[in-house]
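Novice: Model the following, please.
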Amino acid sequence: MSLIDYNQAAKLGRKDYQSKLMAGKSPTLEVLDDILHITKDYREVPLGLVQIPLDQIVGTKTVGRSTSFSSNFMPILDSNSEFASKWIQLCASQQEEGIKDPITAYEYMNKFYVLEGNKRVSVLKYFDAVSIMGNVIRIMPKKTDDLDVRIYYEYVDFYNLSEINYIYFSKTGCFEKLQLLVKKDAEEKWSSDDKMNFRSLYQSFRTEYIKLGGSQLEHITCGDAFLFFADLYGYNDLLAKSEDEFKELVSLNYKEFELMSKKEVDLRLTASPKKPSVLSKLIPTGTRKLKVAFIYEKTSLSSSWTYSHELGRLHLEETFPEEITTVFYDNIDTHNIDETIEDAIDDDCDIIFTTSPAFSQASLKAALAHPKITILNCSLHNHHSSMRTYYSRMHEAKFIMGAVSGAMTENDIICYIGDYPIYGTIANINAFALGVKMTNPRAKIHLLWSCLKDLNIEQKINDISPDIVSDKNLSVPEAGTRYYGLYKRYPDGIWNLAIPVYHWGRFYEQLIRAMLDGTWKSDDSKNVKAINYWWGMAENTIDVISSQWLPEGIKRLIELLSKTIRSGDFNPFSGVIYSQDKTIRNGENQTLAPDDIITMDWLSDNIIGEIPVIDALEDKAKPVAIQQGFNK
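Specialist: Numbering: from 1, shown residues only. Next comes the predicted model:
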């Protein structure tokens, strides 16, 4: 029987060997010594006896036995060879009592290379075993800014806490996010029960994920998909699911995993109307009005962000008095957002706008569960087909604010107060800084964050002594304060120079009009299903309001910049751009791509300050930074 198994394994090996040759790839096992010969700068760390996932064993330490196997670790030597005889003996041992002797292996960048025990690995891989025990020596590469090395060092830190080596990610920040997801402090070690529960949940997910075709998806790891999935439904809630419930959820989300792997988003930068299609209308015509819900994180009395969206809702009611009715839910947080969305659905709402990036995950979860309800979340950079997102290109207005600041400052000290370190916010900051540089290359921008814990903003501003401050975009009328927008400081007060404005009403009007006239559904692309609306000054969703007392030259500058940005003749992120570390981020006669603008995680070289890490934020700021940030 073992000879039959060997011949079958060798058949699999030769098939793999041939396919690799045809694809122009190496048909045999990777050799760690070859890799280290190139890497050179590394150190060894003994790990002792470790349970090694078999799918992470990819090669041999030395070249000796590498050519006896194909790249999938199946044998390729003749069945009459001494090698085949030993493989057959191990096969018989596995069938009778199981292979128990540990192998000796090296681990490098979360992949394992066998020094002793290659045939044991081959036999166990043939029988689809999950893991094998081994004495492991870790090879630590030199720390660099290379993405793979950065991810690996984060993995090592995570491993030291959890001793988990079977999950891996394709981008930085994910191991930290996983630690938070399982309710662990940053430096808290995992208990035996923690490890057991996690292994059970992850392996259940991995089994279903691979069964659905996950191993064929490119650009993401199984860990990437699992992290998204566990973040969406809650780690502890998933532990409580039945096997059938769990499988159903994985299957429901598989198209989202596929889209994550493609990394394709249909980023709509304009609101150009398309010819309506009667057959493609989202909602059948009839006498019943559309019911539209708005969900706010705070109240319009306490938050300028909520206030601006509430103005948008009121604009909708005035624009479509016969076609729609609206309702709103305010003072909602991440603890009751799921329940609130369900309340809106139970209240027969056809369309739901969730107006905070912190509500992104809950919105997607509801969209997956209720495909007939149209749910949109106000956020950026989402790769989801079940839910569309929308946001405004505020950086266009911020560039103009920066140009005014550079021209109006007298001491060349400018302060910019940021809110949350999330997608889009860094573009706003950098656009402002580039605007300053255009009119005043001597000026410096001091970056402060209102979301930091243990920071007295007012005292910090006094210490810096800027004469120009860029504060929150708008204030609610009830606040009775003038400390918003762009203002000039004096010993006895301030002068409001300009205000960047969100016109959410115009944004919502164009979206609702598309739903009413049938162009919304026909908007779907056959190839790319993740649709993000990112409109700006050209769509009249962003504007600048300036003081009538500004010098005429500054007024003309604002008009000129607004006109050229609206027409598309000028982009704030065009030309040579340097970051703080003097890296050239954009070349001459070039313009940053929209995705590069959205995801930028660096600051312009005329900025003094930094992007804060998650742990430095106030507790209320952490959820949105974790979900919509870039994991600094």
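Novice: Can you name the next helix or strand after whichever strand or helix holds residue 138?
Specialist: Using DSSP states H and E, residue 138 sits in strand 131-141. Next helix or strand after strand 131-141 toward the C-terminus (DSSP H and E): helix 147-162.
Novice: Give the buried residues for that following helix.
Specialist: Judged by neighbour count (16 or more other C-beta atoms under 10 Å), helix 147-162 contains these buried residues: 151-155, 158-159, 161-162. In this view, the C-beta of every residue, glycine as well, is placed from N, C-alpha and C.
Novice: packing partners for that helix?
Specialist: strand 131-141, helix 174-181, helix 192-211 (3 or more C-beta pairs under 8 Å, 6 or more residues apart in numbering; DSSP states H and E).
Novice: ok now do residue 289, which residues does it touch?
Specialist: 322-325 (C-beta atoms under 8 Å, 6 or more residues apart in numbering).
Novice: List only buried entries from the residues you listed.
Specialist: residue 324.
Novice: want to try a markdown table for the contacts of residue 289, with distance to residue 50 and pLDDT as columns?
Specialist: Below are the contacts of residue 289 laid out as a markdown table (distance: C-beta to C-beta, whole Å; pLDDT from 0 to 100):
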| residue | distance to residue 50 | pLDDT |
| --- | --- | --- |
| 322 | 69 | 93 |
| 323 | 64 | 94 |
| 324 | 60 | 95 |
| 325 | 62 | 96 |
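Novice: thinking again about what came up before, looking at the helices and strands packed on helix 147-162, which has the lowest confidence?
Specialist: Note on the helices and strands packed on helix 147-162: lowest mean pLDDT is at helix 174-181, with a mean of 91.
Novice: Against which helices or strands is that helix packed?
Specialist: helix 147-162, helix 222-233.
Novice: To residue 83, which of the helices and strands packed on helix 147-162 lies closest?
Specialist: strand 131-141 (19.2 Å; C-beta to C-beta).
Novice: partners of the closest one in the sheet?
Specialist: Looking at strand 131-141 with DSSP bridges, its partner strands are strand 42-53 (antiparallel), strand 103-108 (parallel).
Novice: one step back: keeping just the C-alphas, turn the strand holding residue 138 into CSV.
Specialist: Provided in CSV are the C-alpha atoms of strand 131-141 (Å, rounded to 0.1, in the frame of the first residue of the first chain):
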residue,chain,number,x,y,z
SER,A,131,1.4,20.6,11.5
ILE,A,132,4.5,18.9,12.7
MET,A,133,6.7,19.4,15.8
GLY,A,134,10.1,20.8,15.2
ASN,A,135,13.1,22.3,16.9
VAL,A,136,13.3,25.7,15.3
ILE,A,137,15.9,28.4,15.0
ARG,A,138,14.7,31.8,13.9
ILE,A,139,16.7,33.9,11.4
MET,A,140,16.1,37.6,12.2
PRO,A,141,16.9,39.9,9.3
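Novice: which residues are in contact with that strand?
Specialist: Outside strand 131-141, the residues that touch it by C-beta under 8 Å, 6+ apart are 32, 36, 39, 41-54, 57, 99-100, 102-109, 112, 117, 120-121, 124, 149, 152, 156, 166.
Novice: what's the weakest-modelled helix or strand in this protein?
Specialist: When each helix and strand of the chain is scored by mean pLDDT, DSSP states H and E, helix 519-522 comes last, with a mean of 72.
Novice: gap between that helix and the chain center?
Specialist: Distance, stretch centre to chain centre, for helix 519-522: 27 Å (C-alpha atoms, centre = their mean, to the nearest Å).
Novice: Tell me which helix or strand comes right after that helix.
Specialist: strand 531-535.
Novice: And that following strand, what does it pack against?
Specialist: Applying 3+ C-beta pairs under 8 Å, 6+ apart, one finds that strand 531-535 contacts strand 266-268, strand 388-392, helix 504-517.
Novice: if we go to 6 Å?
Specialist: Here strand 531-535 touches strand 266-268, strand 388-392, going by 3 or more C-beta pairs under 6 Å, 6 or more residues apart in numbering; DSSP states H and E.
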